[in-house]
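Student: okay, sequence plus prediction incoming.
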There are 2 protein chains.
Amino acid sequence: MSVPAIDRDTLDGLLKRRFFFAPAFDIYGGVSGLYDYGPPGCALQANVIDVWRKHFVLEEDMLEVDCTMLTPYEVLKTSGHVDKFADWMCRDPATGEIFRVDHLVEEVLESRLKGDKEARGETAEPFAGAEEKKRKKKVKEIKAVKLDDAVVAEYEAILAKIDGYSGPELGSLMQKYNIVNPATGGPLSEPLEFNLMFETAIGPSGQLKGYLRPETAQGQFLNFNKLLESNNTKMPFASASIGKSFRNEISPRSGLLRVREFLMAEIEHFVDPRDKSHPRFPDVANTKLRLLSKGTQHEGRTEVTEITIGEAVQTGLVDNETLGYFLARIYMFLIKVGVDHNRLRFRQHMSNEMAHYAADCWDAELQTSYGWIECVGCADRSAYDLTVHSNRTNEKLVVRQTLAEPLTVEAFEVELDKKKFGPKFKKDGKKIEQFLTSRTQCELEDLANELSEKLKVTVDVEGVGASVEIEKDIISIEKKTRQEHIREYTPNVIEPSFGIGRILYSLIEHNFWIRPESDQRAVLSFPPVIAPTKVLLVPLSNNEAFEPMINELSRLLRRAGIPAKVDDSSATIGRRYARNDELGTPFGVTVDFQSVQDRTVTLRERDSTKQVRGTVEEVIGAVRRMVGQDAVSWEEGTKGLASFEAASE
Amino acid sequence: MSVPAIDRDTLDGLLKRRFFFAPAFDIYGGVSGLYDYGPPGCALQANVIDVWRKHFVLEEDMLEVDCTMLTPYEVLKTSGHVDKFADWMCRDPATGEIFRVDHLVEEVLESRLKGDKEARGETAEPFAGAEEKKRKKKVKEIKAVKLDDAVVAEYEAILAKIDGYSGPELGSLMQKYNIVNPATGGPLSEPLEFNLMFETAIGPSGQLKGYLRPETAQGQFLNFNKLLESNNTKMPFASASIGKSFRNEISPRSGLLRVREFLMAEIEHFVDPRDKSHPRFPDVANTKLRLLSKGTQHEGRTEVTEITIGEAVQTGLVDNETLGYFLARIYMFLIKVGVDHNRLRFRQHMSNEMAHYAADCWDAELQTSYGWIECVGCADRSAYDLTVHSNRTNEKLVVRQTLAEPLTVEAFEVELDKKKFGPKFKKDGKKIEQFLTSRTQCELEDLANELSEKLKVTVDVEGVGASVEIEKDIISIEKKTRQEHIREYTPNVIEPSFGIGRILYSLIEHNFWIRPESDQRAVLSFPPVIAPTKVLLVPLSNNEAFEPMINELSRLLRRAGIPAKVDDSSATIGRRYARNDELGTPFGVTVDFQSVQDRTVTLRERDSTKQVRGTVEEVIGAVRRMVGQDAVSWEEGTKGLASFEAASE
């Protein structure tokens, strides 16, 4: 399926002119990767969030939390973000320019491949991967140079794995293929790791290092025990959070698609690792999704398979019911806010591109003029986060399940003769004991063997010493059988994570079109539920006679909770409607001379420009039915109202 | 009016146990001044925000924007925050402890005054100012030491002006009155200025210094031109923003009342400085407010005057209609979300405590067990912000008003002979020209005189030189008369600014009480519109027969957009209701054996524990009428339903 042609210049002009969003600090020259939302963008965002909250949080009884963005070093050190949440950059020592290395290598090799195709007289295929325009800008001109067939194959192999290379590997590729600053030809530095978190210091001493969170998830994990308690210790359950996160992108471009501060909505669904079934799965099993599996991608292909999620789970393409359930729910949400089914696919991550914490991951990708954009990630983070935080803090983050039948368990257990142990190790005792109790069963088996052979064990305890000896009279390590009535386990986490800004931008593209019959007027066909304004009120002219009725309509709509705007400017009615088509306002109500006499008004539908006529009450009733969460169609909503022939717009 | 006694330990226990909020990063030992909101706190916050948005943004057609939190250095340098947004701190070199100097001086002097009173055998008055408990903690024991009458008078004079001292002045006070670390008696360092903004670096070069915004206002000012355009260049208008801001408090305490990351809702109402009337003022003129003027405070008194806002504006107590309008609207909002009228006052800022940008300011203060807390500020920021940003960026941030009658204006004007000026000053020309065109009328008059006397002017132009000479043949400065058809002005800004966390905490206190008749059960009597959950669904027992009806009720309530929870635990009905009284759930619906037969259920009201009985449809209808923005009372909502005598809870 090819990308429907979007006239991006026209769209960008519209978005800027109507202040959907604009570069932040514009009058100061702007800061790349930072955007402000103006009134229509802000309303669109609030409406999408409102639908999200109703679709997920209320519908599924999730526990919504609001955690701080400021996060101390220790937490993100433990989660792995301090060490692993980084991109590789290189610098041009001559110009001071900084490049993100993986993007640079990708762009240069792709442009060489295109140049090769040109030299061979083939038309370069439109690139289906991502963010084509951006690439075009960086590598300014594509030189028609033919490459050896072997080189072409090498390049293609590299590009297929581009997300999986380490920094040093990228450095070798740069050397091997002579990758330099595309603009100047100047040499570049070795790749350096650049952590993407914004750093700051908390408190007046300057000694508590902190970061702005790169995701909202960590706060939810840290509160796991309180959340489980809030849910009356019932499993499974989900928490949810809506809030800003921050990533210090190396060179952000592509408008709202790659920014440094962004709104996320994240769900952490905690589930028993032994049972990932979902009670509501049957409700969604028939939902058809367009899936792109990792298998297909490994074969170098990108066709989607359109099957029901029931089938996908049954055949193992999607790992389990819970993951499948959320993919279907994500799909329904995206469709509800106006995403085009044919420009939405779920792509499975390949193993070399998975985040450091993920066990499996599917992305909902939306097709835009920048390519396919990851807008929702749905990852199985396994027990990773709860485990690392628990280990670091010695705070149990587990579920205790009362077993119907007690379980007989055989396990090695350590026993210490406290009377001897204490006096011998004094202040080190606690560390040694902690070391011993945190050993795995395998390690304990080894220690038990060592103890029976050497009559002592020698262990390496951090903070105490490399050869701490404990004699047989102090320690016993034996396999014991016991009855367990409680099963204690660390839940797994399925995490649907939504990039709200990316969804907003994509759905704007999906709903943007140019009215062919008129003088090329642009329309944003937002579903009423997310449209920034629902109704435009237009008096026929600025005759004072219309004012009371316009005021009454405003008041009635406000009372019904329906956002409306009045346009009483002197522009023609057609012109006023055209302006609001650009804002995506789905309905227009005109007050004319007849209205003043008989309280009837006309109601116009944005996409079809159809009009009907009815009393004020009838028309407000119709609007009411057509704008909410369970909105009905125009045909359904205006049933019984007389159609009305308007003068041509 | 005395503070109603709040058992804060019981309340704190409740808030923690039900996870309204909790210290963030608790399992890592916490970070002071950072809190996470759990499910009920988060829902309460979302509901308060929803009411806020409807009460202000929708009702008044405000332009809501969402601007970035990351803010570059230049913007906050211009706004004055880099230089002036600071508190004074001092350090104990022995313990490393850091104190906020003004708080420390205040606490020590107050405790000495209390000690004096004790020594004189007088009872110390309960301190009416703020945050008493906190002070008590810091200055551990109050020694009964009698002071000279003269010293008492000095201390009292200092305390009255405590918010107005500079750092060096505070340092002198510390020396003069021997103020040391109250805990150890150890000496403290000189006061140092500590900027309260969190600093970070934007982008990979580390060279673009930035801060986390300390308020949401700046983003609104920077977008002024776009906003005016969005409003079809009509004046006055208001923008609004809801979002997090950050202040690196020196030693945050008092729970949610002084935190480092907090949600704000801010309105910037742009108004013609010559006309601060408000068209809707008559609608609110009869609203009675409790006002504490600066005059009263300067006399050292704190009684409020309860008068209508109409009277307050008429007598000049409140400066203008727009300011008065917003005070009344703020009042209505606070009452709507559950604030107690008698624990709410509007206090005018004294001149020595005004923020650096403010021309006049009234705070809505809420009385809590910590004292009177500033929860909403309503400041007239004059034209300060637009002017400084405009000067810094050379971007006009003005309104151009077409005058009905052209205005005749006499003014000094500078004219340059470009043919000579350009070649003479070359690259400096632009700076010199900018310098000349940005002179005031007075300065131009002086320059005109200088020019006619000396046949040249000598000016000091930053970046060019201290004595730039311009000869008479190049420059002319003359008073000219011209007709103006357009009036250009920089609007003034009235800014109502809401600290949502402080409002939440205060209204929790205002709605907290202990049921006297029962076994001391705690209740949070939130108005239904902000209650986290509106309805609790309770089956009489866990008999399976009740399940279908409970599910049906859940579904019907969900469809009506009414948040509900089921409690099917084995606790008694009374116990289950008691748990939900703690969460502030206003209504309870019980399904019993009769329900299964005739589809009637009982409906319980939280505060009175009254019950009525009706069909499922009747009861849902009643709930619907009682939970929205225009909710009706219990009596009104349940009219026609039979009262029901429940077994004692």
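Tutor: Cool, the structure landed. Numbering: from 1, shown residues only, chains lettered A, B, ... in the order given.

Student: how about the residues of the stretch 151-300 of chain A that lie near chain B?
Tutor: Residues of the stretch 151-300 of chain A lying near chain B by Cβ under 8 Å from any Cβ of the partner chain: A:194, A:198-205, A:208, A:210, A:212, A:219, A:222-223, A:225-227, A:229-230, A:232, A:243-244, A:246, A:248, A:250-251, A:260-261. (Glycine included, C-beta is placed from N, CA and C.)

Student: so which of these are in strands?
Tutor: A:194, A:199, A:200, A:201, A:202, A:208, A:210, A:212, A:243, A:244, A:246, A:261 (DSSP state E).

Student: pick out the most distant pair among those residues.
Tutor: Maximum pairwise distance among these (Cβ to Cβ): 24.4 Å, between A:194 and A:243.

Student: could you chop chain A up by domain?
Tutor: A:39-67+A:217-384+A:494-498, A:68-85+A:197-212, A:91-195, A:405-485, A:533-643 (the TED database).

Student: rank these by pLDDT, which is bottom?
Tutor: Per-stretch mean pLDDT for the domains of chain A is lowest at domain A:91-195 (a mean of 82).

Student: ranges for the strands of the stretch 351-500 of chain A?
Tutor: Secondary structure of the stretch 351-500 of chain A by DSSP state E, counting those that start in this stretch: the strands cover A:360-368, A:371-382, A:399-416, A:456-461, A:465-471, A:475-489, A:492-499.

Student: contacts for the first one next, please.
Tutor: By that I understand strand A:360-368. For strand A:360-368, contacts defined as Cβ atoms under 8 Å, 6 or more residues apart in numbering or on different chains pick out A:1, A:3, A:6, A:257, A:291, A:318-319, A:323, A:327, A:330-331, A:334, A:339, A:343-349, A:354-355, A:372-380, A:502-503, A:505-507, A:509-510.

Student: now do the contacts for residue A:460.
Tutor: Going by Cβ under 8 Å, 6+ apart, residue A:460 touches A:466, A:467, A:468.

Student: nearest residue to the second one other than its sequence neighbours?
Tutor: Once its chain neighbours are removed from consideration, residue A:467 has its nearest residue in residue A:458; the separation is 5.1 Å (Cβ to Cβ, 6 or more residues apart in numbering or on different chains).

Student: wait, that neighbour touches residue A:469, no?
Tutor: Yes. If you go by Cβ atoms under 8 Å, residue A:458 and residue A:469 touch, sitting 5.2 Å apart.

Student: show me how to select, in PyMOL, the buried members of the residues of the stretch 151-300 of chain A next to chain B.
Tutor: Of those, the buried ones go into a single PyMOL selection, burial set by 16 or more other Cβ atoms under 10 Å in any protein chain shown:
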select buried, chain A and resi 194+198+199+200+201+202+203+204+208+210+212+219+222+223+225+226+227+230+243+244+246+248+250+251+260+261
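
Student: chain B contacts on the stretch 451-600 of chain A?
Tutor: Neighbours of chain B within the stretch 451-600 of chain A, by Cβ under 8 Å from any Cβ: A:558, A:559, A:561, A:563, A:565, A:569.
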